[in-house]
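Trainee: missing the sequence, but the structure's below:
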(Lines give C-alpha, C1' and ligand atoms only; values in the text may rest on other atoms or scores of the structure.)
Protein backbone atom coordinates (compact mmCIF):
# COMPACT_ATOMS: atom_id res chain seq x y z
CA UNK A 1 0.00 0.00 0.00
CA UNK A 2 1.45 3.35 -0.99
CA UNK A 3 0.85 6.56 0.83
CA UNK A 4 -1.01 9.34 -0.85
CA UNK A 5 0.62 12.06 1.36
CA UNK A 6 2.15 14.98 -0.49
CA UNK A 7 4.36 17.69 1.07
CA UNK A 8 2.67 21.02 0.50
CA UNK A 9 6.10 22.70 0.01
CA UNK A 10 7.20 20.19 -2.60
CA UNK A 11 5.16 20.21 -5.79
CA UNK A 12 4.54 16.94 -7.57
CA UNK A 13 6.43 18.14 -10.63
CA UNK A 14 9.93 19.65 -10.99
CA UNK A 15 8.57 23.19 -10.72
CA UNK A 16 9.35 25.23 -7.56
CA UNK A 17 6.39 26.58 -5.70
CA UNK A 18 7.70 30.09 -4.82
CA UNK A 19 4.44 31.02 -3.14
CA UNK A 20 4.79 28.12 -0.72
CA UNK A 21 8.36 29.09 0.06
CA UNK A 22 7.35 32.72 0.56
CA UNK A 23 4.52 31.76 2.89
CA UNK A 24 6.80 29.48 4.88
CA UNK A 25 9.41 32.25 5.23
CA UNK A 26 6.85 34.93 6.06
CA UNK A 27 5.42 32.86 8.87
CA UNK A 28 8.91 33.05 10.48
CA UNK A 29 9.55 36.76 9.86
CA UNK A 30 10.29 37.37 13.51
CA UNK A 31 13.06 34.80 13.42
CA UNK A 32 14.49 36.41 10.30
CA UNK A 33 14.37 39.86 11.90
CA UNK A 34 16.06 38.48 15.01
CA UNK A 35 18.88 36.82 13.09
CA UNK A 36 19.33 39.91 10.93
CA UNK A 37 19.50 42.10 14.03
CA UNK A 38 22.05 39.81 15.69
CA UNK A 39 24.34 39.70 12.61
CA UNK A 40 23.98 43.43 12.00
CA UNK A 41 24.76 44.07 15.67
CA UNK A 42 27.89 41.93 15.41
CA UNK A 43 28.93 43.76 12.25
CA UNK A 44 28.29 47.10 13.95
CA UNK A 45 30.31 46.08 16.97
CA UNK A 46 33.19 45.07 14.70
CA UNK A 47 32.88 48.23 12.60
CA UNK A 48 32.98 50.54 15.58
CA UNK A 49 35.30 48.54 17.82
CA UNK A 50 37.93 47.46 15.27
CA UNK A 51 41.19 49.45 15.25
CA UNK A 52 41.06 52.03 12.45
CA UNK A 53 43.56 51.50 9.65
CA UNK A 54 45.04 54.51 7.87
CA UNK A 55 46.94 54.83 4.59
CA UNK A 56 49.52 57.36 3.46
CA UNK A 57 51.48 57.51 0.21
CA UNK A 58 54.50 59.24 -1.28
CA UNK A 59 55.47 59.60 -4.95
CA UNK A 60 59.08 59.82 -6.18
CA UNK A 61 60.10 60.94 -9.66
CA UNK A 62 63.47 61.25 -11.44
CA UNK A 63 65.58 64.20 -10.37
CA UNK A 64 66.30 67.07 -12.76
CA UNK A 65 69.40 66.74 -14.92
CA UNK A 66 71.06 69.73 -13.27
CA UNK A 67 70.79 68.05 -9.86
CA UNK A 68 73.22 65.32 -11.00
CA UNK A 69 75.28 67.49 -13.36
CA UNK A 70 78.24 67.95 -10.98
CA UNK A 71 78.53 64.20 -10.46
CA UNK A 72 78.19 63.32 -14.14
CA UNK A 73 80.65 66.03 -15.25
CA UNK A 74 83.31 64.51 -13.02
CA UNK A 75 83.82 61.89 -15.76
CA UNK A 76 84.26 59.33 -13.01
CA UNK A 77 80.76 58.34 -11.96
CA UNK A 78 77.88 58.48 -14.41
CA UNK A 79 74.38 58.45 -12.90
CA UNK A 80 71.47 59.42 -15.18
CA UNK A 81 68.26 60.47 -13.38
CA UNK A 82 66.48 57.27 -14.43
CA UNK A 83 69.19 55.06 -12.93
CA UNK A 84 69.18 57.15 -9.76
CA UNK A 85 65.44 56.54 -9.40
CA UNK A 86 65.97 52.81 -9.94
CA UNK A 87 68.70 52.78 -7.29
CA UNK A 88 66.44 54.47 -4.77
CA UNK A 89 63.57 52.14 -5.70
CA UNK A 90 65.75 49.08 -5.16
CA UNK A 91 66.81 50.43 -1.79
CA UNK A 92 63.19 51.14 -0.82
CA UNK A 93 62.36 47.52 -1.57
CA UNK A 94 65.48 46.13 0.11
CA UNK A 95 64.90 44.13 3.28
CA UNK A 96 68.28 45.16 4.65
CA UNK A 97 67.59 48.86 4.12
CA UNK A 98 64.20 48.61 5.80
CA UNK A 99 65.72 46.75 8.72
CA UNK A 100 68.38 49.44 9.02
CA UNK A 101 65.71 52.14 9.15
CA UNK A 102 63.78 50.07 11.72
CA UNK A 103 66.86 49.80 13.94
CA UNK A 104 67.75 53.47 13.56
CA UNK A 105 64.22 54.64 14.47
CA UNK A 106 62.94 52.18 17.04
CA UNK A 107 60.97 54.92 18.83
CA UNK A 108 58.60 55.09 15.85
CA UNK A 109 57.93 51.35 15.99
CA UNK A 110 57.06 50.83 19.66
CA UNK A 111 53.59 49.58 18.69
CA UNK A 112 55.11 46.71 16.68
CA UNK A 113 57.29 45.46 19.55
CA UNK A 114 55.84 42.61 21.56
CA UNK A 115 57.24 40.73 24.55
CA UNK A 116 59.09 37.56 23.64
CA UNK A 117 59.87 38.74 20.11
CA UNK A 118 63.30 39.64 18.81
CA UNK A 119 63.94 42.88 17.00
CA UNK A 120 63.95 41.07 13.65
CA UNK A 121 60.64 39.36 14.42
CA UNK A 122 59.06 42.68 15.36
CA UNK A 123 60.38 44.16 12.13
CA UNK A 124 58.94 41.24 10.17
CA UNK A 125 55.51 42.04 11.57
CA UNK A 126 55.87 45.59 10.28
CA UNK A 127 57.53 44.76 6.96
CA UNK A 128 55.13 42.01 5.91
CA UNK A 129 52.17 44.16 4.88
CA UNK A 130 52.90 47.75 5.90
CA UNK A 131 54.88 49.34 3.04
CA UNK A 132 54.14 48.51 -0.58
CA UNK A 133 56.03 49.68 -3.64
CA UNK A 134 53.89 50.61 -6.65
CA UNK A 135 55.53 50.94 -10.08
CA UNK A 136 53.97 52.24 -13.29
CA UNK A 137 52.60 49.63 -15.65
CA UNK A 138 54.84 49.64 -18.75
CA UNK A 139 51.91 48.36 -20.86
CA UNK A 140 49.85 51.44 -20.18
CA UNK A 141 50.39 54.34 -22.53
CA UNK A 142 49.03 56.92 -20.10
CA UNK A 143 52.15 56.72 -17.94
CA UNK A 144 53.77 60.03 -18.85
CA UNK A 145 56.95 59.53 -16.85
CA UNK A 146 58.68 57.12 -14.53
CA UNK A 147 57.74 57.24 -10.90
CA UNK A 148 57.78 55.17 -7.73
CA UNK A 149 54.84 55.23 -5.36
CA UNK A 150 55.08 54.12 -1.75
CA UNK A 151 51.94 53.18 0.15
CA UNK A 152 51.83 52.44 3.85
CA UNK A 153 48.95 50.98 5.83
CA UNK A 154 49.13 51.40 9.58
CA UNK A 155 46.80 51.17 12.59
CA UNK A 156 45.75 54.00 14.80
CA UNK A 157 48.47 55.01 17.24
CA UNK A 158 51.29 54.75 14.69
CA UNK A 159 52.83 57.90 13.22
CA UNK A 160 52.68 56.64 9.65
CA UNK A 161 53.48 60.03 8.11
CA UNK A 162 56.72 60.32 10.06
CA UNK A 163 57.61 56.70 9.27
CA UNK A 164 57.04 56.97 5.52
CA UNK A 165 58.66 60.38 5.09
CA UNK A 166 61.51 59.36 7.36
CA UNK A 167 61.97 56.13 5.43
CA UNK A 168 62.18 58.00 2.11
CA UNK A 169 64.67 60.48 3.55
CA UNK A 170 66.68 57.66 5.14
CA UNK A 171 66.91 55.74 1.87
CA UNK A 172 67.97 58.78 -0.16
CA UNK A 173 70.68 59.56 2.41
CA UNK A 174 71.86 55.94 2.45
CA UNK A 175 72.05 55.79 -1.35
CA UNK A 176 73.79 59.16 -1.49
CA UNK A 177 76.34 57.95 1.05
CA UNK A 178 76.86 54.79 -0.99
CA UNK A 179 77.51 56.86 -4.11
CA UNK A 180 79.89 59.09 -2.14
CA UNK A 181 81.72 55.99 -0.88
CA UNK A 182 81.84 54.52 -4.39
CA UNK A 183 83.10 57.83 -5.75
CA UNK A 184 85.82 57.95 -3.09
CA UNK A 185 86.90 54.39 -3.89
CA UNK A 186 86.93 55.10 -7.64
CA UNK A 187 88.97 58.29 -7.16
CA UNK A 188 91.39 56.48 -4.87
CA UNK A 189 91.78 53.65 -7.36
CA UNK A 190 92.28 56.09 -10.23
CA UNK A 191 94.90 58.00 -8.23
CA UNK A 192 96.66 54.75 -7.40
CA UNK A 193 96.58 53.75 -11.05
CA UNK A 194 97.90 57.14 -12.20
CA UNK A 195 100.58 57.09 -9.50
CA UNK A 196 101.60 53.65 -10.73
CA UNK A 197 101.87 54.95 -14.28
CA UNK A 198 103.89 57.94 -13.05
CA UNK A 199 106.20 55.64 -11.07
CA UNK A 200 106.57 53.47 -14.16
CA UNK A 201 107.49 56.57 -16.17
CA UNK A 202 110.06 57.52 -13.50
CA UNK A 203 111.49 54.01 -13.51
CA UNK A 204 111.65 54.07 -17.30
CA UNK A 205 113.34 57.46 -17.20
CA UNK A 206 115.89 56.26 -14.62
CA UNK A 207 116.63 53.24 -16.77
CA UNK A 208 116.98 55.37 -19.88
CA UNK A 209 119.20 57.87 -18.04
CA UNK A 210 121.47 55.13 -16.71
CA UNK A 211 121.59 53.57 -20.15
CA UNK A 212 122.42 56.98 -21.66
CA UNK A 213 125.20 57.58 -19.13
CA UNK A 214 126.57 54.08 -19.68
CA UNK A 215 126.40 54.57 -23.44
CA UNK A 216 128.19 57.92 -23.27
CA UNK A 217 130.89 56.56 -20.95
CA UNK A 218 131.31 53.54 -23.14
CA UNK A 219 131.77 55.72 -26.23
CA UNK A 220 134.30 57.84 -24.32
CA UNK A 221 136.18 54.77 -23.15
CA UNK A 222 136.26 53.33 -26.63
CA UNK A 223 137.45 56.65 -28.06
CA UNK A 224 140.04 57.03 -25.30
CA UNK A 225 141.38 53.54 -25.96
CA UNK A 226 141.53 54.25 -29.70
CA UNK A 227 143.39 57.54 -29.13
CA UNK A 228 145.80 55.90 -26.70
CA UNK A 229 146.44 53.12 -29.22
CA UNK A 230 146.96 55.72 -31.94
CA UNK A 231 149.28 57.73 -29.67
CA UNK A 232 151.36 54.68 -28.85
CA UNK A 233 151.54 53.73 -32.50
CA UNK A 234 152.60 57.27 -33.47
CA UNK A 235 155.29 57.34 -30.78
CA UNK A 236 156.59 53.96 -31.87
CA UNK A 237 156.57 55.20 -35.44
CA UNK A 238 158.45 58.40 -34.53
CA UNK A 239 160.97 56.40 -32.54
CA UNK A 240 161.54 54.13 -35.46
CA UNK A 241 161.85 57.08 -37.80
CA UNK A 242 164.37 58.68 -35.42
CA UNK A 243 166.41 55.50 -35.27
CA UNK A 244 166.34 55.22 -39.03
CA UNK A 245 167.38 58.87 -39.26
CA UNK A 246 170.32 58.25 -36.95
CA UNK A 247 171.43 55.33 -39.08
CA UNK A 248 171.10 57.45 -42.22
CA UNK A 249 173.05 60.28 -40.61
CA UNK A 250 175.82 57.89 -39.47
CA UNK A 251 176.12 56.55 -42.98
CA UNK A 252 176.11 60.06 -44.47
CA UNK A 253 178.72 61.22 -41.93
CA UNK A 254 180.95 58.36 -42.96
CA UNK A 255 180.59 59.25 -46.64
CA UNK A 256 181.11 62.97 -45.96
CA UNK A 257 184.30 62.28 -44.01
CA UNK A 258 185.56 60.07 -46.75
CA UNK A 259 184.90 62.85 -49.24
CA UNK A 260 186.18 65.44 -46.81
CA UNK A 261 182.92 67.30 -46.95
CA UNK A 262 182.86 69.25 -43.79
CA UNK A 263 180.48 71.99 -44.75
CA UNK A 264 177.34 71.79 -46.78
CA UNK A 265 178.06 71.80 -50.48
CA UNK A 266 176.60 70.85 -53.83
CA UNK A 267 177.76 68.39 -56.44
CA UNK A 268 178.96 71.20 -58.75
CA UNK A 269 180.80 72.96 -55.96
CA UNK A 270 182.44 69.70 -55.03
CA UNK A 271 183.67 69.33 -58.64
CA UNK A 272 185.11 72.84 -58.81
CA UNK A 273 186.96 72.33 -55.56
CA UNK A 274 188.96 69.60 -57.19
CA UNK A 275 190.24 72.07 -59.88
CA UNK A 276 193.11 74.20 -58.55
CA UNK A 277 193.13 77.85 -59.41
CA UNK A 278 189.58 77.88 -60.42
CA UNK A 279 187.94 81.23 -60.39
CA UNK A 280 185.40 82.00 -57.85
CA UNK A 281 182.21 81.60 -59.72
CA UNK A 282 178.68 81.78 -58.36
CA UNK A 283 176.45 79.05 -59.81
CA UNK A 284 172.84 78.43 -59.55
CA UNK A 285 171.75 74.81 -59.85
CA UNK A 286 168.38 73.75 -60.99
CA UNK A 287 167.87 70.13 -60.13
CA UNK A 288 164.74 68.25 -59.43
CA UNK A 289 166.58 65.55 -57.60
CA UNK A 290 167.39 65.67 -53.92
CA UNK A 291 171.05 65.92 -53.16
CA UNK A 292 172.46 63.07 -51.14
CA UNK A 293 172.56 63.60 -47.39
CA UNK A 294 176.36 63.61 -47.13
CA UNK A 295 176.52 66.88 -49.14
CA UNK A 296 175.38 68.52 -45.88
CA UNK A 297 178.85 67.97 -44.53
CA UNK A 298 179.80 65.86 -41.59
CA UNK A 299 179.74 68.78 -39.19
CA UNK A 300 176.04 69.38 -39.73
CA UNK A 301 175.30 65.70 -39.90
CA UNK A 302 177.10 64.96 -36.65
CA UNK A 303 175.35 67.83 -34.98
CA UNK A 304 171.98 66.46 -36.12
CA UNK A 305 172.85 62.93 -35.08
CA UNK A 306 173.94 64.13 -31.67
CA UNK A 307 170.71 66.01 -31.24
CA UNK A 308 168.68 62.94 -32.27
CA UNK A 309 170.52 60.72 -29.86
CA UNK A 310 169.92 63.17 -27.02
CA UNK A 311 166.20 63.54 -27.81
CA UNK A 312 163.93 62.26 -25.03
CA UNK A 313 160.63 62.52 -26.87
CA UNK A 314 159.52 62.77 -30.44
CA UNK A 315 156.01 64.05 -29.65
CA UNK A 316 156.70 67.57 -30.78
CA UNK A 317 157.60 66.38 -34.24
CA UNK A 318 154.08 65.16 -34.99
CA UNK A 319 151.12 67.53 -34.87
CA UNK A 320 148.68 64.64 -34.54
CA UNK A 321 150.10 63.83 -31.10
CA UNK A 322 149.11 67.24 -29.78
CA UNK A 323 145.63 66.74 -31.25
CA UNK A 324 145.38 63.33 -29.59
CA UNK A 325 146.47 64.86 -26.27
CA UNK A 326 143.77 67.47 -26.68
CA UNK A 327 141.12 64.86 -27.37
CA UNK A 328 142.28 62.77 -24.40
CA UNK A 329 142.07 65.79 -22.16
CA UNK A 330 138.50 66.42 -23.33
CA UNK A 331 137.61 62.80 -22.67
CA UNK A 332 138.61 63.05 -19.03
CA UNK A 333 135.21 64.55 -18.23
CA UNK A 334 131.94 64.10 -20.13
CA UNK A 335 129.86 67.19 -19.50
CA UNK A 336 126.65 65.51 -20.63
CA UNK A 337 127.14 62.73 -18.10
CA UNK A 338 127.89 65.28 -15.40
CA UNK A 339 124.73 67.22 -16.19
CA UNK A 340 122.66 64.03 -16.20
CA UNK A 341 124.01 63.15 -12.76
CA UNK A 342 123.48 66.68 -11.42
CA UNK A 343 119.75 66.75 -12.25
CA UNK A 344 117.76 67.44 -9.07
CA UNK A 345 114.10 67.56 -10.24
CA UNK A 346 114.09 64.70 -12.68
CA UNK A 347 110.28 64.74 -12.96
CA UNK A 348 110.69 67.73 -15.26
CA UNK A 349 112.41 65.52 -17.81
CA UNK A 350 109.79 62.75 -17.84
CA UNK A 351 108.14 62.37 -21.23
CA UNK A 352 104.41 61.84 -21.90
CA UNK A 353 103.46 62.35 -18.24
CA UNK A 354 101.81 65.74 -18.47
CA UNK A 355 98.32 64.23 -19.00
CA UNK A 356 98.90 61.99 -15.97
CA UNK A 357 99.88 64.94 -13.80
CA UNK A 358 96.93 66.95 -15.03
CA UNK A 359 94.54 64.07 -14.22
CA UNK A 360 96.09 63.60 -10.76
CA UNK A 361 95.72 67.30 -10.05
CA UNK A 362 92.11 67.23 -11.27
CA UNK A 363 91.20 64.23 -9.13
CA UNK A 364 92.86 65.66 -6.03
CA UNK A 365 91.04 68.94 -6.47
CA UNK A 366 87.74 67.25 -7.27
CA UNK A 367 85.20 68.77 -4.93
CA UNK A 368 81.64 67.49 -5.25
CA UNK A 369 79.31 68.46 -2.42
CA UNK A 370 77.53 65.15 -1.95
CA UNK A 371 75.26 66.65 0.69
CA UNK A 372 73.65 68.71 -2.08
CA UNK A 373 73.28 65.73 -4.41
CA UNK A 374 69.61 65.14 -5.11
CA UNK A 375 68.94 61.53 -6.03
CA UNK A 376 65.21 61.84 -6.72
CA UNK A 377 62.47 64.42 -6.70
CA UNK A 378 59.81 63.87 -4.03
CA UNK A 379 56.75 64.71 -6.05
CA UNK A 380 54.39 64.04 -3.13
CA UNK A 381 55.27 63.66 0.49
CA UNK A 382 53.12 61.71 2.92
CA UNK A 383 50.40 63.83 4.55
CA UNK A 384 48.09 63.19 7.47
CA UNK A 385 45.11 61.21 6.13
CA UNK A 386 41.65 62.75 6.43
CA UNK A 387 40.17 59.50 7.70
CA UNK A 388 40.79 55.78 8.08
CA UNK A 389 40.57 53.50 5.07
CA UNK A 390 39.54 50.55 7.25
CA UNK A 391 37.07 49.55 8.59
CA UNK A 392 34.39 50.93 6.26
CA UNK A 393 31.60 51.16 8.81
CA UNK A 394 28.61 51.74 6.55
CA UNK A 395 29.71 49.05 4.12
CA UNK A 396 30.20 46.59 6.99
CA UNK A 397 26.79 47.44 8.44
CA UNK A 398 25.16 47.02 5.04
CA UNK A 399 26.89 43.70 4.51
CA UNK A 400 25.88 42.64 8.05
CA UNK A 401 22.22 43.41 7.35
CA UNK A 402 22.30 41.61 4.01
CA UNK A 403 24.12 38.60 5.40
CA UNK A 404 21.87 38.54 8.49
CA UNK A 405 18.72 38.62 6.35
CA UNK A 406 20.09 35.89 4.11
CA UNK A 407 21.04 33.79 7.09
CA UNK A 408 17.61 34.31 8.70
CA UNK A 409 15.81 33.30 5.51
CA UNK A 410 18.03 30.24 5.19
CA UNK A 411 17.29 29.24 8.81
CA UNK A 412 13.57 29.80 8.25
CA UNK A 413 13.56 27.61 5.15
CA UNK A 414 15.50 24.89 6.90
CA UNK A 415 13.15 24.95 9.86
CA UNK A 416 10.11 24.72 7.57
CA UNK A 417 11.60 21.84 5.60
CA UNK A 418 12.64 20.04 8.78
CA UNK A 419 9.18 20.55 10.38
CA UNK A 420 7.38 19.23 7.31
CA UNK A 421 9.71 16.28 7.18
CA UNK A 422 8.92 15.42 10.81
CA UNK A 423 5.15 15.71 10.30
CA UNK A 424 5.32 13.46 7.24
CA UNK A 425 7.41 10.97 9.16
CA UNK A 426 4.93 10.92 12.07
CA UNK A 427 1.97 10.47 9.69
CA UNK A 428 3.70 7.60 7.92
CA UNK A 429 4.41 5.95 11.29
CA UNK A 430 0.76 6.21 12.47
CA UNK A 431 -0.54 4.81 9.16
CA UNK A 432 1.93 1.95 9.35
CA UNK A 433 0.81 1.16 12.92
CA UNK A 434 -2.86 1.23 11.81
CA UNK A 435 -2.12 -1.17 8.97
CA UNK A 436 -0.22 -3.45 11.30
CA UNK A 437 -3.12 -3.44 13.86
CA UNK A 438 -5.65 -4.21 11.12
CA UNK A 439 -3.52 -7.03 9.83
CA UNK A 440 -3.23 -8.50 13.31
CA UNK A 441 -7.00 -8.28 13.88
CA UNK A 442 -7.65 -9.86 10.50
CA UNK A 443 -5.24 -12.65 11.29
CA UNK A 444 -7.06 -13.32 14.59
CA UNK A 445 -10.46 -13.51 12.83
CA UNK A 446 -9.04 -15.89 10.23
CA UNK A 447 -7.55 -18.08 12.94
CA UNK A 448 -10.92 -18.21 14.81
CA UNK A 449 -12.72 -19.18 11.65
CA UNK A 450 -10.22 -21.97 10.95
CA UNK A 451 -10.51 -23.32 14.50
CA UNK A 452 -14.35 -23.29 14.25
CA UNK A 453 -14.29 -25.24 11.02
CA UNK A 454 -11.96 -27.86 12.48
CA UNK A 455 -14.14 -28.36 15.54
CA UNK A 456 -17.10 -29.14 13.35
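Mentor: Cool, the structure landed. Model, not experiment: these values are computed from the prediction.

Trainee: Show me the helices in the stretch 201-350 of the chain, by range?
Mentor: Applying DSSP state H, counting those that start in this stretch to the stretch 201-350 of the chain gives helices spanning 267-273, 298-310, 319-331, 335-341.

Trainee: Go through the ones you listed and pick out the most buried.
Mentor: Most buried of the helices of the stretch 201-350 of the chain by mean neighbour count (mean count of other C-beta atoms under 10 Å) is helix 298-310; its value is a mean of 15. Any C-beta I mention is one placed from the backbone N, CA and C, and that applies to glycine too.

Trainee: and that helix, what other elements does it pack with?
Mentor: Judged by 3 or more C-beta pairs under 8 Å, 6 or more residues apart in numbering; DSSP states H and E, helix 298-310 is in contact with helix 160-258.

Trainee: how far off helix 298-310 does the helix it packs on point, in degrees?
Mentor: 150 degrees (axes from the mean of the first three to the mean of the last three C-alpha atoms, to 10 degrees).

Trainee: Next, the angle helix 319-331 makes with helix 160-258.
Mentor: Angle of helix 160-258 versus helix 319-331, following the same axes, to 10 degrees, is 160 degrees.

Trainee: Looking at the protein, which strand is longest?
Mentor: strand 53-62 (DSSP state E).

Trainee: Any buried residues in that strand, and which?
Mentor: 53-54, 56-62 (16 or more other C-beta atoms under 10 Å).

Trainee: tell me the least confident of these?
Mentor: Within the set of those, pLDDT is lowest for residue 53 (79).

Trainee: one step back: ranking the helices of the stretch 201-350 of the chain by mean pLDDT, which is last?
Mentor: helix 267-273 (a mean of 65).

Trainee: so where is the protein shaky, pLDDT-wise?
Mentor: Residues of the chain that meet the criterion pLDDT under 70 lie in 1-17, 47, 116, 138-145, 269-289, 419-420, 422-424, 426-435, 437-456.

Trainee: now, among the buried residues of strand 53-62, which is nearest to residue 383?
Mentor: residue 56 (6.9 Å; C-beta to C-beta).

Trainee: Just to check, that closest one is in contact with residue 149?
Mentor: No: in this structure, residue 56 is not within contact of residue 149 by C-beta atoms under 8 Å, at 11.3 Å.

Trainee: Relative to residue 78, which of the helices of the stretch 201-350 of the chain is closest?
Mentor: helix 335-341 (45.1 Å).

Trainee: Toward the C-terminus, what is the element adjacent to the closest one?
Mentor: Next helix or strand after helix 335-341 toward the C-terminus (DSSP states H and E): helix 354-364.

Trainee: tell me the angle that next one makes with helix 160-258.
Mentor: 150 degrees.

Trainee: what's next to helix 354-364, contact-wise?
Mentor: 76, 187, 190-191, 194-195, 197-198, 201 (C-beta atoms under 8 Å, 6 or more residues apart in numbering).

Trainee: can we see that at 6 Å?
Mentor: 187, 190-191, 194, 197-198 (C-beta atoms under 6 Å, 6 or more residues apart in numbering).

Trainee: Just name the closest of those to residue 163, please.
Mentor: residue 187 (35.8 Å).

Trainee: what about the closest residue to that closest one other than its chain neighbours, distance to residue 74?
Mentor: Sequence neighbours aside, residue 363 is the residue nearest to residue 187 in space, at 5.4 Å (criterion: C-beta to C-beta, 6 or more residues apart in numbering). Distance, residue 363 to residue 74, by C-beta to C-beta, to the nearest Å: 9 Å.

Trainee: Kindly reformat the contacts of helix 354-364 as TSV containing neighbour count.
Mentor: Listed next are the contacts of helix 354-364 as TSV, based on neighbours: other C-beta atoms under 10 Å:
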residue	neighbour count
187	17
190	16
191	14
194	18
197	16
198	16
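
Trainee: Let's have those residues in a markdown table, adding distance to residue 344.
Mentor: Shown next, in a markdown table, are the contacts of helix 354-364 (distance: C-beta to C-beta, whole Å):
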| residue | distance to residue 344 |
| --- | --- |
| 187 | 31 |
| 190 | 29 |
| 191 | 25 |
| 194 | 23 |
| 197 | 23 |
| 198 | 18 |
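
Trainee: Can you work out which other helices and strands pack against the longest strand of the chain?
Mentor: helix 81-93, strand 148-155, helix 160-258, strand 376-380 (3 or more C-beta pairs under 6 Å, 6 or more residues apart in numbering; DSSP states H and E).

Trainee: Out of these, flag the one nearest residue 100.
Mentor: For the helices and strands packed on strand 53-62, the distance to residue 100 is smallest for helix 160-258, at 7.2 Å, taking C-beta to C-beta.

Trainee: Taking helix 81-93 as reference, get the angle to the closest one.
Mentor: Using the same axes, to 10 degrees: helix 160-258 against helix 81-93 is 120 degrees.

Trainee: now helix 160-258: how far from the chain's centre is it?
Mentor: 39 Å (C-alpha atoms, centre = their mean, to the nearest Å).

Trainee: again, but for stretch 399-410
Mentor: For stretch 399-410 - counting by C-alpha atoms, centre = their mean - the centre lies 64 Å from the chain centre.

Trainee: For that stretch, buried residues please.
Mentor: 400-401, 403-405, 408-409.

Trainee: Next step: those residues restricted to helices.
Mentor: Among the buried residues of stretch 399-410, the ones falling in helices (DSSP state H) are 400-401, 403-405, 408-409.

Trainee: Same list, the residues you listed, but as JSON lines with distance to residue 327 please.
Mentor: Listed next are these as JSON lines, based on distance: C-beta to C-beta, whole Å:
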{"residue": "400", "distance to residue 327": "123"}
{"residue": "401", "distance to residue 327": "126"}
{"residue": "403", "distance to residue 327": "123"}
{"residue": "404", "distance to residue 327": "128"}
{"residue": "405", "distance to residue 327": "130"}
{"residue": "408", "distance to residue 327": "133"}
{"residue": "409", "distance to residue 327": "133"}
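
Trainee: contacting residues around stretch 243-262?
Mentor: 293-294, 297-299, 301-302, 304-305, 308.

Trainee: redo that, cut-off 10 Å
Mentor: Residues from elsewhere that reach stretch 243-262 (C-beta atoms under 10 Å, 6 or more residues apart in numbering): 263-265, 269-270, 273, 292-309, 311.

Trainee: what's the farthest-apart pair in the buried residues of strand 53-62?
Mentor: 53 and 62 (31.6 Å).
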